[in-house]
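Q: Have a look at this fold, sequence not included:
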């Protein structure tokens, strides 16, 4: 009889179950490693699949293991693997590009047309005891980076890539709309990039308090009718040079172009409705550079260096911890963001 392992399996809308599934027999191929999962952070996309059964064109049509912010310990390596060995601790980049399409060969592998990504239909994710994964996408951790920090490298990579897309550089003024986990990680990434004046807006005072503790130059209620005037007072009567929209809320997306200074840059990061009414004329009149972004690329080595060097500290964002048997409670807390929850971590036994 095949060995079994515990996993958090989504069967349909609001139907998440902790159940037994077949355990991988070993690495899936000669270039892969078998990893025992140690820490898995819960993401808004995991909750979205749980609550809605889909994100855009990605639809759950068969049982799927959730989770993609993850780290673990190598237990077995494929025949071709030379840089990792059993016992190594690794952070996992959860997207597996094909490496041969036009986007992969030109370096934009995050847009790979054949991408396989943890917990994105039809591919299983990381909320399981074991996962097989390419060794090239499993990054050995420095001794001073723990499993929770390693799992945080995935959402931090979103913030790191967003700041690159936006051109954040020393001396730039930055406004971040949305102080959820991604917004707060954008704050840390912008600080690491040298931005001197970073402002954060949200409708939740507790999240704004966290942004202040993390070093935001100023925080604002996003629903304050005077927010534009207040930001101009802070930025030479011009407005912020860069706006990172992290909520996906239609009001915030519209606000991102309203608040950016003429000639500025706006990057949309948050996931929201597929379409809604939008002030396109404002973009033209202000000559804004408006950019979308999808996941990340070429971020893991830099993210590991920033965390291991102490330049970026992601630990304060991990507010709640659960074991795999309590995964349903972990998802519910992530959904409600109650009790000051920012990043909820599921830790598997090591």
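A: Yep, that arrived. Nothing here was measured: the structure is a model prediction, and the numbers come from that model.

Q: And the strands in the stretch 151-300 of the chain, which stretches?
A: Taking DSSP state E, counting those that start in this stretch, the strands of the stretch 151-300 of the chain run over residues 173-177, 197-202, 218-221, 242-245, 265-268, 289-292.

Q: Including mean neighbour count, distance to residue 156 and mean pLDDT, could those strands go into CSV?
A: The C-beta positions use only the backbone N, C-alpha and C, and glycine is treated the same way. Listed next are the strands of the stretch 151-300 of the chain as CSV, based on neighbours: other Cβ atoms under 10 Å; distance: least, Cβ to Cβ, whole Å; pLDDT from 0 to 100:
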stretch, mean neighbour count, distance to residue 156, mean pLDDT
strand 173-177, 28, 14, 98
strand 197-202, 25, 16, 98
strand 218-221, 18, 21, 98
strand 242-245, 29, 14, 98
strand 265-268, 23, 16, 98
strand 289-292, 14, 19, 97
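
Q: Among those strands, which comes closest to residue 103?
A: Nearest to residue 103, of all these, is strand 289-292, at 14.7 Å by Cβ to Cβ.

Q: shaky segments in the stretch 1-150 of the chain?
A: Along the stretch 1-150 of the chain, segments meeting pLDDT under 70 span 1.

Q: Just the mean pLDDT for stretch 230-238, thanks.
A: Averaging pLDDT along stretch 230-238 gives 95.

Q: Buried ones in it, by neighbour count?
A: The neighbour-count criterion (16 or more other Cβ atoms under 10 Å) identifies 231, 234-235 as the buried residues of stretch 230-238.

Q: In a markdown table: the strands of the stretch 151-300 of the chain, plus distance to residue 75.
A: Below are those laid out as a markdown table (distance: least, Cβ to Cβ, whole Å):
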| stretch | distance to residue 75 |
| --- | --- |
| strand 173-177 | 39 |
| strand 197-202 | 41 |
| strand 218-221 | 44 |
| strand 242-245 | 38 |
| strand 265-268 | 39 |
| strand 289-292 | 38 |
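
Q: Of those strands, give the one that comes closest to residue 116.
A: That would be strand 289-292 among the strands of the stretch 151-300 of the chain, by Cβ to Cβ, at 21.5 Å.

Q: what about residue 23, neighbour count?
A: By other Cβ atoms under 10 Å, the residues close to residue 23 number 16.

Q: wait, isn't it in contact with residue 130?
A: Yes - Residue 23 lies in contact with residue 130 (Cβ atoms under 8 Å); the separation is 5.7 Å.

Q: so what sits against both of those two?
A: Residues touching both residue 23 and residue 130 by Cβ atoms under 8 Å, 6 or more residues apart in numbering: residue 5.

Q: With respect to residue 269, which of the buried residues of stretch 230-238 is nearest?
A: Lowest distance from residue 269 to the buried residues of stretch 230-238 (Cβ to Cβ) belongs to residue 231, with 19.0 Å.

Q: The closest one is in contact with residue 199, isn't it?
A: Yes - Residue 231 is in contact with residue 199 according to Cβ under 8 Å; the separation is 6.6 Å.
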